[in-house]
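Undergrad: model the structure of this input:
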Amino acid sequence: MLADIAIENLGVIPAASAEFSSGLTVLTGETGAGKTMVVTGLRLLCGGRADASRVRNGSERAAVEGRFITEGIPGDIVERATAIVHNAGGEADENGDFLAIRTVSATGRSKAHLGGRSVPAATLSEFTDELLTIHGQNDQLRLLSPERQLQALDRFDPAIAGLRRSYGERYRSWRELEKDLKQRLGGRRELAQEVDRLQFAINEIDQVAPEVDEDTELLAQIRRLQDVDTLRDQAATALSAIDGAGALSEDMGGAGGFDDQQEAASDQLGHAEASLSTSEDPKLIELAAQLREITSRLGEVSMELGAFLSDLPSDPRALDQMLSRQQQLKLLTRKYAADINGVLEWRAKAQVRLEGIDISSEAIDALRTRVAESSGAMMSAARKLSAARTRAARRLGQTVTAELQGLAMPKARFEVLMSTVAPGAGGADQVEFQLAPNASAAARPLASSASGGELSRVMLALEVILAAGTTGTTLVFDEVDAGVGGRAAVEIGRRLARLANDNQVIVVTHLPQVAAYADTHLHVAKDVGEASVSSGVESLSHERRVEELSRMLAGLDDTETGRAHATELLERAQRERRELGAGEGAGIFFRAPPPMVETSAPQWQA
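TA: Below you'll find the model as predicted:
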């Protein structure tokens, strides 16, 4: 839910903030006052395209900040939205709200922030996708596209979503198999050449037969062989010092500079330990125990030195053999990877690829069978999806027709025409919305049969129907009542009020019949100065609402007659609003913002 918005240097707005309550909020004002800039700001918060021409003249940048709260929104939507923020590195503020910020410089560069972290504009779009939906005149035109009409039909029946997912899985599986078959049939020569290259490489690696980490271990052994005499002398000297010259066998070499008459360290430690162990003094007994521990550790070192000397190569040809082996490994690492482990990984992938390339007649026939089976499963899922859509199309046509009759189109007939097309990602169906002016006339496509006002009412009827099962979301309507008047305007107001029972609805309107149903009425006023134009927003009190409705009704300055008509309209609409139950439970899903000061002038001004 959108709690508030702050706008800076956007269009004619130098600085503004507006707080949105639950239920129905309307924005009114004279043409050019800046109402649409509020919607433009919302579109920027939703990741929309940044347009440098929207930056206020003389300003370096425009900025829009919105605060979203999650109270009353369905848990699954909150979880997805929260996960998007956390994945971007953002966090909720101290109140648990999420802040979204979008800036646009005069040079056209834009930046986006969500939850205190810089994010791509696409992340803002993903975050707001299920929280806020904007309907404007451009969105009405998008309703004319077959893709949007198919999406609307699928939204109408919740059961379609599962069938569409099932179909999508089978469609993707069929596409992969079909692509594999085409590649094998169309590129046999190239695949045969790839098989030869892979097989040659695998054979070359297998002929050398490298082992894991062999290159690093071999390098260490070569360095040891190159220094074998020095290593043997160092180890032998240390072993002789520990156990005496007699501890060395002839093949281990001499004891270096060790004196044969010098008593071995192990013997001297043994004498020291024996001398102390017979004492009755506690301190000496403790020291004797420490000497036993040192003697034991010295014995382990002696054993390791002996093993080290035994493992030192004595074959003069060993170094040449290792150097030759090293060259074989280097040949592989120059061609396939940076080290032997990488070579082995490359070989494993090459083997998998080789096993997957089979262009034999038997393999092609087997793949054809799999493609046919997958196609059959896909078409079966497509027929189930089409059947569900056909049933939904009939019910949607009847439901929208009934809704349009309530929107002052009593004889209009809405139909959903289904046709079969080649299977695609969304199924094997094409949908076309059609409208007939009366029961006897033939229905024609919306693009060629609906006026602007009729298209607005069709879109509103669809939104009322499709939003029937949703709660806690924010719906924004930007002058969807254009081209509408009279009784139809009243019915639009009623339906927007009905939508606002369970959702936050924000409407930019020029119709007093719609504005009268609002729970909150915001007025956008324009001030034309000598050098600049600025706009401001005012939250209207009851008295100011009457004045604004009077202006909207008569288009003239305040008059007693106009005020009387406005008062009657407002009281009647608010009475119906209460009967619709619009106020019931509003506080449950929306935390009310701080009260705004009611004045007869805008609350902020340039």
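Undergrad: can we go C-alpha only for contacts and neighbour counts from here?
TA: OK.
Undergrad: low-confidence ranges in the stretch 251-400 of the chain?
TA: Residues of the stretch 251-400 of the chain meeting the criterion pLDDT under 70: 251-262, 316, 359.
Undergrad: if we use 80, what do you get?
TA: Residue ranges of the stretch 251-400 of the chain with pLDDT under 80: 251-264, 266-267, 311-316, 318, 356-363.
Undergrad: all strands of it, in order?
TA: Under the criterion DSSP state E, counting those that start in this stretch, the stretch 251-400 of the chain contains no strands.
Undergrad: what does the stretch 1-150 of the chain give?
TA: 2-10, 13-19, 24-28, 61-68, 98-105, 110-114, 117-119, 132-135.
Undergrad: who wins for proximity to Thr40 among the ones you listed?
TA: Nearest to Thr40 among the strands of the stretch 1-150 of the chain is strand 2-10 (8.6 Å), distances taken as Cα to Cα.
Undergrad: and that closest one, average pLDDT?
TA: Averaging pLDDT along strand 2-10 yields 88.
Undergrad: tell me which other helices or strands it touches.
TA: Under the contact definition 3 or more Cα pairs under 8 Å, 6 or more residues apart in numbering; DSSP states H and E, strand 2-10 sits against strand 13-19, helix 35-45, strand 61-68.
Undergrad: quick one: it to helix 35-45, angle?
TA: 110 degrees (axes from the mean of the first three to the mean of the last three Cα atoms, to 10 degrees).
Undergrad: with just CA atoms, put strand 2-10 into PDB.
TA: Output of strand 2-10 as PDB, limited to C-alpha atoms (Å, rounded to 0.1, in the frame of the first residue of the first chain):
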ATOM      1  CA  LEU A   2       1.200   3.500  -0.800                       C
ATOM      2  CA  ALA A   3       1.400   5.700   2.300                       C
ATOM      3  CA  ASP A   4       2.800   8.900   0.800                       C
ATOM      4  CA  ILE A   5       4.700  10.400  -2.000                       C
ATOM      5  CA  ALA A   6       7.100  13.300  -2.200                       C
ATOM      6  CA  ILE A   7       7.900  15.000  -5.500                       C
ATOM      7  CA  GLU A   8      10.700  17.500  -6.300                       C
ATOM      8  CA  ASN A   9      11.200  19.500  -9.500                       C
ATOM      9  CA  LEU A  10       9.000  17.300 -11.600                       C
END
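Undergrad: run through who's touching it.
TA: Applying Cα atoms under 8 Å, 6 or more residues apart in numbering, the contact partners of strand 2-10 are 13-21, 37-38, 41, 54-56, 59, 61-69, 132, 474, 593.
Undergrad: make it 7 Å
TA: With Cα atoms under 7 Å, 6 or more residues apart in numbering as the test, strand 2-10 has contacts from 14-21, 37, 54-56, 59, 61-69, 474.
Undergrad: and for stretch 43-52?
TA: 100-102, 104-108, 110, 121-122, 124-125, 128.
Undergrad: what's the helix or strand for Asp429?
TA: Under the criterion of DSSP states H and E, Asp429 resides in strand 427-436.
Undergrad: pull up the pairing partners for the helix or strand just after that strand, direction included.
TA: Per DSSP H and E, the first helix or strand lying C-terminal to strand 427-436 is strand 444-445. Strand pairing for strand 444-445, using DSSP bridges, gives strand 427-436 (antiparallel).
Undergrad: only C-alpha atoms, please: export the partner strand in CSV.
TA: The C-alpha coordinates for strand 427-436 follow below in CSV (Å, rounded to 0.1, in the frame of the first residue of the first chain):
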residue,chain,number,x,y,z
GLY,A,427,-0.9,-21.9,-25.2
ALA,A,428,-2.6,-22.5,-28.5
ASP,A,429,-5.3,-19.8,-28.1
GLN,A,430,-5.8,-16.2,-29.3
VAL,A,431,-8.3,-14.0,-27.6
GLU,A,432,-10.1,-11.0,-29.0
PHE,A,433,-12.4,-8.7,-27.0
GLN,A,434,-15.4,-7.5,-29.0
LEU,A,435,-18.2,-5.0,-28.3
ALA,A,436,-21.6,-4.7,-29.8
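Undergrad: pull the distance from it to the chain's centre.
TA: 30 Å (Cα atoms, centre = their mean, to the nearest Å).
Undergrad: before we move on, back to that, hmm, which of the contacts of stretch 43-52 are the buried ones?
TA: For the contacts of stretch 43-52, a burial check counting by 16 or more other Cα atoms under 10 Å picks out Ala100, Ile101, Arg102, Val104, Ser105, Ala106, Ser110, Ala121, Leu124, Ser125, Thr128.
Undergrad: what is the rounded mean pLDDT of the strand holding Asp429?
TA: Computed over strand 427-436, the average pLDDT equals 94.
Undergrad: next SSE downstream of the host helix or strand of Glu538?
TA: Under the criterion of DSSP H and E, Glu538 resides in strand 533-539. Moving toward the C-terminus from strand 533-539, the next helix or strand (DSSP H and E) is helix 542-554.
Undergrad: elements contacting the helix or strand just after that following helix?
TA: The first helix or strand that comes after helix 542-554 along the chain, using DSSP H and E, is helix 560-579. Where contact means 3 or more Cα pairs under 7 Å, 6 or more residues apart in numbering; DSSP states H and E, helix 560-579 is packed against helix 542-554.
Undergrad: pull out the buried residues from the helix it packs on.
TA: Here helix 542-554 shows Arg544, Arg545, Val546, Glu547, Glu548, Leu549, Ser550, Arg551, Met552, Leu553, Ala554 as buried, counting by 16+ other Cα under 10 Å.
Undergrad: of the residues you listed, closest to Leu144?
TA: Using Cα to Cα, these come closest to Leu144 at Met552, 31.2 Å.
Undergrad: which one's the longest helix in this protein?
TA: helix 361-406 (DSSP state H).
Undergrad: hey, C-alpha coordinates of the helix or strand following that one in PDB?
TA: Next helix or strand after helix 361-406 toward the C-terminus (DSSP H and E): strand 413-424. The C-alpha coordinates for strand 413-424 follow below in PDB (Å, rounded to 0.1, in the frame of the first residue of the first chain):
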ATOM      1  CA  ARG A 413     -22.800  -6.700 -25.400                       C
ATOM      2  CA  PHE A 414     -19.300  -7.700 -24.600                       C
ATOM      3  CA  GLU A 415     -18.000 -10.900 -26.100                       C
ATOM      4  CA  VAL A 416     -14.700 -12.800 -25.900                       C
ATOM      5  CA  LEU A 417     -13.800 -14.500 -29.100                       C
ATOM      6  CA  MET A 418     -11.500 -17.600 -28.900                       C
ATOM      7  CA  SER A 419      -9.500 -18.900 -31.900                       C
ATOM      8  CA  THR A 420      -6.900 -21.600 -32.200                       C
ATOM      9  CA  VAL A 421      -3.300 -20.700 -33.200                       C
ATOM     10  CA  ALA A 422       0.000 -22.500 -33.400                       C
ATOM     11  CA  PRO A 423       1.200 -23.500 -29.900                       C
ATOM     12  CA  GLY A 424       3.200 -20.800 -28.200                       C
END
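Undergrad: any idea how far Ala288 lies from Ser296?
TA: Ala288 sits 12 Å away from Ser296, going by Cα to Cα, to the nearest Å.
Undergrad: those two - which one has more neighbours?
TA: Per other Cα atoms under 10 Å, whichever of Ala288 and Ser296 has more neighbours is Ala288, with 22 against 13.
Undergrad: OK, contacts around the more buried one?
TA: Glu273, Leu276, Ser277.
Undergrad: let's see that with 8 Å instead.
TA: So Ala288 contacts Ala272, Glu273, Ala274, Leu276, Ser277 (Cα under 8 Å, 6+ apart).
Undergrad: I figured the fourth one hits Leu287, correct?
TA: Read that as Leu276. Yes - with contact defined as Cα atoms under 8 Å, Leu276 reaches Leu287; the gap is 7.4 Å.
Undergrad: more neighbours: those two, which one.
TA: Using other Cα under 10 Å as the criterion, Leu276 and Leu287 rank with Leu276 on top: 18 against 15.
Undergrad: residues contacting Gly162?
TA: Neighbours of Gly162 in contact, by Cα under 8 Å, 6+ apart: none.
Undergrad: doesn't Glu194 belong to a helix?
TA: Yes - the assignment for Glu194 is a helix, going by DSSP: H, G, I helix; E, B strand; the rest coil.
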